[in-house]
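1. quick one: sequence plus predicted model below, questions after.
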Amino acid sequence: LMAELNINSSKMYLTGGSNGALMTFSYAFQFPETIKAIAVSSGNLPEFPESGICTNGSTLPIPILLTHGTSDPAMPANGG
């Protein structure tokens, strides 16, 4: 898609809401060198993640805008 749509990878940002936020986090953890920043809404990360990409992945810093509301039953603001 990057070649077909002529996407400039040095200016790529990702966003997602609810389950899309989880996919955005996952991509950012796995391929941080391919994006500039992420913005997610209503996406929880586990308080105690299992060992893997979230705990021992890249150390490349990524700017993140994270917002969370209280009306998403799939991603409760208080966790779950």
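-> That came through fine.

2. can you name the residues bridging to the closest residue in space to Met23 that isn't next to it in sequence?
-> Among residues not flanking Met23 along the chain, Gly16 sits closest, at 5.6 Å (CB to CB, 6 or more residues apart in numbering). C-beta coordinates here come from the backbone N, C-alpha and C atoms, glycine included. Beta-bridge partners recorded for Gly16 (DSSP bridges): Val40.

3. Gly16 against Ser26, yeah?
-> No. With contact defined as CB atoms under 8 Å, Gly16 and Ser26 do not form a contacting pair (9.7 Å).

4. those two - which one has more neighbours?
-> Higher neighbour count among Gly16 and Ser26: Gly16, with 19 against 13, using other CB atoms under 10 Å.

5. and that one, what's its pLDDT?
-> pLDDT recorded at Gly16 is 95.

6. residues in contact with it?
-> Leu22, Met23, Thr24, Val40, Ser41, Gly43 (CB atoms under 8 Å, 6 or more residues apart in numbering).

7. what does Tyr27 give?
-> Shown in contact with Tyr27 (CB under 8 Å, 6+ apart): Leu14, Ile35.

8. could you check the helix or strand harbouring it and say which residues are buried?
-> According to DSSP states H and E, Tyr27 maps onto helix 19-30. Buried residues in helix 19-30, counting neighbours by 16 or more other CB atoms under 10 Å, are found at Ala21, Leu22, Thr24, Phe25, Ala28, Phe29.

9. hmm, Ala39 and the first one touching each other?
-> Going back to what we said before, that points to Ala21. No. Counting by CB under 8 Å, Ala39 is not a contact partner of Ala21; they are 9.1 Å apart.
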